[in-house]
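Novice: Fold the following.
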Amino acid sequence: MYVAEGLPPGVPLYLQVTAYADYDLAVSLQAASLGCASGEEPYTLTLAWQFALTPQFPGLPLEVTATDVVVAVLERARAACYAATNLKLLPPAWREHGFERMGERFCLRARFREGVTFLQQDLRTALPERQFDLILCRNLVFTYFDTPTQQAMLARLLAHQQPGGALVIGRREALPAGAGGLLPWPNAERQAIFRYTP
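Specialist: Okay, the predicted model is just below:
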């Protein structure tokens with residue numbers, strides 16, 4: 001995860017900037033974690049939101065829709081129990097208050113699972129049926145798919161992106177040619193955060 005200046009380690013910059021962009025008008029902040037694997041990414045969003053950002057945005061809930069194509073990893077994501085090594089990059093207070101130990105595993109407390117919905121979907125054929133303020137699509141589409149597929153996928157992603165919202169890709173990834181309507185987020189050019197301005 002990427003760290004915003006002045007915030008505790010682990011707070012994603014893209015979560016903060018998206019909230020600031022939408023706070024005045026939003027009923028809720030809608031985020032998508034596409035290719036979520038075992039759930040670390042969507043749960044990190046909820047931890048960051050509740051521990052670090054909720055006081056800045058009172059009354060603004062975060063709702064996360066997380067997808068993956070593999071049933072087995074979605075089952076692990078819903079269980080929300082992890083080895084200690086999976087949690088080593090989280091701030092100590094988040095580990096202490098966000099998880100409870102179950103044998104050799106650490107399980108996310110129920111209140112941090114609220115607002116996270118998991119769906120089995122193949123990004124090539126389906127996306128969640130809603131508009132998102134924040135879309136995380138990291139180290140998947142723009143790494144493993146060929147250029148025509150990337151272009152087609154990007155168009156479909158943007159059809160689900162709220163104007164002014166943030167698209168986040170992997171730091172070593174690049175958008176395909178012809179990615180209109182996306183500009184690097186100001187002061188976050190190195191972090192692969194793009195603002196959608198259709």
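
Novice: can you map out the strands along the chain?
Specialist: Counting by DSSP state E, the chain has these strands, from start to end: 29-34, 62-68, 81-82, 99-102, 105-108, 116-120, 132-136, 161-168, 182-184, 193-196.

Novice: which helix in the chain runs the most residues?
Specialist: In the chain, taking DSSP state H as the definition, the longest helix is helix 147-159.

Novice: Next, the angle strand 132-136 makes with it.
Specialist: Computed by axes from the mean of the first three to the mean of the last three CA atoms, to 10 degrees, the angle separating helix 147-159 from strand 132-136 equals 150 degrees.

Novice: I'd like to check the angle between helix 147-159 and strand 161-168, please.
Specialist: Here helix 147-159 runs at an angle of 130 degrees relative to strand 161-168 (the same axes, to 10 degrees).

Novice: quick one: buried residues of helix 147-159?
Specialist: Residues of helix 147-159 classed as buried under the neighbour-count rule (16 or more other CB atoms under 10 Å) are Gln150, Gln151, Met153, Leu154, Arg156, Leu157, Leu158. Where C-beta positions appear, they are placed from N, C-alpha and C, glycine not excepted.

Novice: Show me what that helix is packed against.
Specialist: Other elements packing on helix 147-159 under the criterion 3 or more CB pairs under 8 Å, 6 or more residues apart in numbering; DSSP states H and E are helix 141-144.

Novice: now with 10 Å?
Specialist: Counting contacts by 3 or more CB pairs under 10 Å, 6 or more residues apart in numbering; DSSP states H and E, helix 147-159 packs against strand 29-34, strand 132-136, helix 141-144, strand 161-168, strand 182-184, strand 193-196.
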